[in-house]
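*Asks:* attaching a predicted model along with its sequence, questions to come.
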Protein chains: 2
Amino acid sequence: MSQSISTSAPSSQATATAGVAGKKVKESLQFNLKTPKGTKDWADKDMIIREAIFNKLTSLFKSHGGVTIDTPVFELREILAGKYGEDSKLIYNLEDQGGELTSLRYDLTVPFARYVAMNGISNIKRYHIAKVYRRDQPAMTKGRMREFYQCDFDIAGSYDSMVPDAEIMNILVSGLTGLGIRDFKIKLNHRKILDGIFQVCGVKEEDVRKVSSAVDKLDKSPWDTVKKEMCEEKNQPEDVADRIGEYVKINGTLRDVLARLSSDPTLMANESAKQGIDEITTMADYVEAFEVDHYISFDMSLARGLDYYTGVIYEAVTSQSAPPKDAAEKKARAKKSKKDDEDASEYVGVGSIAAGGRYDGLVGMFLGTNSKGKKAPSIPCVGVSFGVERLFSLIKQRAELADKIRASSTQVYVMAFGGGEGWNGFLKERMAIAAKLWKAGIECEYLYKAKANPRKQFEAAEKSGCPLAVILGREEYPQGQVRVKVLGTGNEKDDGELVSIGDLVEVVKQRLDDQKHDGMDDVTRLLAGL
Amino acid sequence: MSQSISTSAPSSQATATAGVAGKKVKESLQFNLKTPKGTKDWADKDMIIREAIFNKLTSLFKSHGGVTIDTPVFELREILAGKYGEDSKLIYNLEDQGGELTSLRYDLTVPFARYVAMNGISNIKRYHIAKVYRRDQPAMTKGRMREFYQCDFDIAGSYDSMVPDAEIMNILVSGLTGLGIRDFKIKLNHRKILDGIFQVCGVKEEDVRKVSSAVDKLDKSPWDTVKKEMCEEKNQPEDVADRIGEYVKINGTLRDVLARLSSDPTLMANESAKQGIDEITTMADYVEAFEVDHYISFDMSLARGLDYYTGVIYEAVTSQSAPPKDAAEKKARAKKSKKDDEDASEYVGVGSIAAGGRYDGLVGMFLGTNSKGKKAPSIPCVGVSFGVERLFSLIKQRAELADKIRASSTQVYVMAFGGGEGWNGFLKERMAIAAKLWKAGIECEYLYKAKANPRKQFEAAEKSGCPLAVILGREEYPQGQVRVKVLGTGNEKDDGELVSIGDLVEVVKQRLDDQKHDGMDDVTRLLAGL
């Protein structure tokens, strides 16, 4: 239950009436009191948990030398054009109101590349935590929304091979373990190896992307289904599909899979595949130095949807990323019931919780040509994006601790006790004491009533969750004294400690310190999964 | 200069070419490499300063028991309709792409009221720091953008008169003084007093809002101009305008103006005016208890544009809020030169730096009727909005300190020194040491090169701004020892302190503590205006 919010009526989907008073209800303008489809309000302790996730990731990004940028929520439409392939249809456009044509950003990567190109930046480590927009079919329980947060860290610049890529792996692992997520693995592959495999299997150059997108479905569908799609929809001969099938079922540790691929003379004779294998060999050394190699599963079936990847690709999954056992059944039921806003595909698990890859050509798409008509070289980039909503769902499941979290952070409830003739409730006196505490950086509240009885004030204090009360007594206060009482002890006979107003700040700070037994608050504990 | 960003070319407004390679430049698709009109990227130390402002205000809001909410960046269009009067034309609409009609939020107040109504909340103290959107004429130097941040704190609920209003005054003052802004005053007025004045001066009920919007221009224009607008554009008789003129020139301390108004029998006979005067009398007591009364100027000329205010209204201004002395001249020059994107009105000063008021009817606009057709009572609200971009401009002017601020926060640069036969650059060793430091929560970096000479590494360390270096020597490291060197001392002969790797984390933490002489970092100092 909320600490600082009182609810008078449960009317979250109420249809309200906005109209001229006196008109009949049915005739007045009806409107839906809701947020747009695929969006939601965040409030209360959910906000506390989400902000704690942001803070945790922000300090991780900063500890790797990251700086942050903030780009506009909409971009010129031509900036986004031609970057997302088929998914471009999911872009939200702003209305043409007699100016530039603009669209809401679809991700943070393209705006980042635009920023790097526009400012002629040759190297930067940047992080960006912000909302992105996709006109997708929402699936709330799966954490798929039309407005959602991305949490990106990217390294742009020309460096020695795989050095930044390995650091991104380190960040990915630290980010997830730092959020108390332990049962995850990072599926890793390389676009150049995949391209090589398709080539040696006999896929034509122009078919590579569509075959790749079929392979990308292997996390949700069995090989037979994918093969069928390759042969029937993507027009590949069956023997080509079968050869691909042999390769994409390969997965294991980096060293094991590297050994297997390196001993394949056909593959090693392919220039693209060889280059990819060499790069992963270099990377294996580095992720071992970082001691994060045991999280990585080298998986030939990982293809990733986005067009712009050019090198290593990866995605982190947990046991909850996979569809639940009864997914098929639920899916069928959902399809049958045709419930509004319910999407059958939401029963396929939460999907990846973080993902990314190397994209060396994207910045170059924004770079102009010099006076001789020669195109400026692109800036190579590699990065990772954490799926905040999905991480939030996993963390929120640590239910017992989540229940303990307070939405507000006030520490002291200021009250006045008195009564009898001429008693005015000491409102101004409570205000003066509150102002004193605020100035000392102590979070406090008091009841917004001129006069209130002790019971009302204790109830409000309990609702606020404050650990301490400062009590102004009708006789004591004029003599320069107030009481400091520890709340929630159940000891109603305890009148609290009498202290002089001059010592109040010091005593309150001391009592608050006493309360924090081990220096770790509930949110920290929740994130750490303790 | 940026610490973590390297710029290779100054091409911030370059026109780039996106086209098929081989085609001639002129024929290829040209596009503007820029952000949409009225928007900008935030980066580098500007982000550090802006985030410090957010953090400062956030902890202030929390210390008053505030909880935060996050609403979608767009709302159903019907939610925003009829809330902003004439300014509705500045609302950004999203394209109708076959779903609901939606618009970008224009402020945070209407989404807050929608949230309160939708969730049946009877009381809440909430803060919200987020971007809002207005299709206004941008004036960059004045800090007027089409996409900008608002930083709002609001108290919703039925409480004893003026108690929350006075607390908002306290928050307004603490917010500004906490950001090192001292030369400000809060202009305060009351909609009910204004309405009363208009009534006793003979303004017809239906003309009140338009006369009020003329009065609102008194901060930018002299009385003669405003009077002219009233008589000529708003069709008021001259004697009505003259009577208004007498009232609106009244300003002074709360107590002085209250005394003057209370001694005006005509005004006190007006019900609306009397109610407003009684409320301000109550408030005067409370702001004195908070010791913030000396910041307040009770100013009859303050009217505020928005329709939804129903009680006390206020706006904080600094000396820089007013137009500069040469404004008229600059304005004329701007009009003459007709420079693109240059707005003559930008020479009128930065305007108010924070503003707000009481709005008791807004939530009610979203509330439905019960089964008997009776409308649910509204939830009274009062709040304040800080103008972050304007505050940022004022703080950024504290130039010397702003220069010192680093965009990145890395503390240690990890280097390797060696050379000669078989020297491999110790890249994996640097990675292992970096991983050790990161695990201990110490921010560090190293050069993304397999082999690099000491000069290159020192240059990179200097550019990063790290105060410490950890140096891996070719002979020392295999014996379990590294060097810790304080950077920026100018002492090139200092080889640093030799420590065993087991003690490294402890020694680094100690040296970093030594560097922080007085526990106050540059950003804190900048905000405090020291």
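*Replies:* That came through, no problem.

*Asks:* going forward, measure contacts and count neighbours with C-alpha atoms only.
*Replies:* Noted.

*Asks:* report the separation between the closest residue in space to residue A:238 that isn't next to it in sequence and residue A:195.
*Replies:* In this structure, residue A:238 finds its nearest non-sequential neighbour in residue A:231, 6.1 Å apart by C-alpha to C-alpha, 6 or more residues apart in numbering or on different chains. Remark: distance between residue A:231 and residue A:195 (C-alpha to C-alpha, to the nearest Å) = 18 Å.

*Asks:* what residues does the stretch 151-300 of chain A put near chain B?
*Replies:* Contact residues, the stretch 151-300 of chain A versus chain B (C-alpha under 8 Å from any C-alpha of the partner chain): A:159-160, A:163-164, A:285-286, A:289-290.

*Asks:* just the buried residues of these.
*Replies:* In those, burial by neighbour count holds for A:159, A:163-164, A:285-286, A:289-290, counting by 16 or more other C-alpha atoms under 10 Å in any protein chain shown.

*Asks:* flag every residue of the stretch 301-450 of chain A that's near chain B.
*Replies:* So the stretch 301-450 of chain A meets chain B at A:365-369, A:373, A:407-410, A:428-429, A:431-432, A:435, A:438, A:441-445, A:448-450 (C-alpha under 8 Å from any C-alpha).

*Asks:* give the contact list for the spatially closest residue to residue A:268 that is not a sequence neighbour.
*Replies:* The spatial neighbour of residue A:268 that comes closest, neighbours along the chain excluded (C-alpha to C-alpha, 6+ apart), is residue A:274 at 5.2 Å. By C-alpha atoms under 8 Å, 6 or more residues apart in numbering or on different chains, the residues touching residue A:274 are A:193, A:196, A:267-268.

*Asks:* look up how far residue A:261 lies from residue A:274.
*Replies:* For residue A:274, the distance to residue A:261 - C-alpha to C-alpha - is 9 Å.

*Asks:* find the residues that touch each one of those two.
*Replies:* Joint contacts of residue A:274 and residue A:261 (C-alpha under 8 Å, 6+ apart) are A:267-268.

*Asks:* quick one, phi psi at the residue nearest to residue A:238?
*Replies:* phi -80, psi -40 (degrees, to the nearest 10).

*Asks:* what's the burial count for it?
*Replies:* Using other C-alpha atoms under 10 Å in any protein chain shown, residue A:231 has 17 other residues around it.

*Asks:* can you pull the contacts of it?
*Replies:* Here residue A:231 is in contact with A:237-238, A:241 (criterion: C-alpha under 8 Å, 6+ apart).

*Asks:* cool, residue A:476 as well?
*Replies:* residue A:482.

*Asks:* one more pass at 6 Å, please.
*Replies:* Residue A:476 makes contact with no residue, according to C-alpha atoms under 6 Å, 6 or more residues apart in numbering or on different chains.

*Asks:* now do residue A:132
*Replies:* Residue A:132 touches A:105-107, A:147-148, counting by C-alpha under 6 Å, 6+ apart.

*Asks:* pick out whichever of those residues sits closest to residue A:383.
*Replies:* residue A:107 (12.7 Å; C-alpha to C-alpha).

*Asks:* helix, strand, or coil at that closest one?
*Replies:* coil (DSSP: H, G, I helix; E, B strand; the rest coil).

*Asks:* swap in residue A:82?
*Replies:* Under three-state DSSP, the three-state class of residue A:82 is coil.

*Asks:* give me the neighbour count for the closest residue to it other than its chain neighbours.
*Replies:* In this structure, residue A:82 finds its nearest non-sequential neighbour in residue A:88, 7.6 Å apart by C-alpha to C-alpha, 6+ apart. Around residue A:88 there are 15 other residues, counting by other C-alpha under 10 Å.

*Asks:* swap in residue A:273?
*Replies:* Residues near residue A:273, counting by other C-alpha under 10 Å, number 26.

*Asks:* go ahead and confirm residue A:144 touches residue A:138.
*Replies:* Yes. With contact defined as C-alpha atoms under 6 Å, residue A:144 reaches residue A:138; the gap is 5.5 Å.

*Asks:* quick check: which element contains residue A:115?
*Replies:* Taking DSSP states H and E as the definition, residue A:115 sits inside helix A:109-118.

*Asks:* can you check residue A:189 too?
*Replies:* Per DSSP H and E, the secondary structure element for residue A:189 is strand A:184-190.

*Asks:* could you measure the residue nearest to residue A:82 against residue A:133, distance?
*Replies:* Taken as C-alpha to C-alpha, the span from residue A:88 to residue A:133 is 11 Å.

*Asks:* can you give the domain ranges for chain A?
*Replies:* Using automatic domain parsing, the domain ranges for chain A come out as A:44-337+A:347-397, A:412-515.
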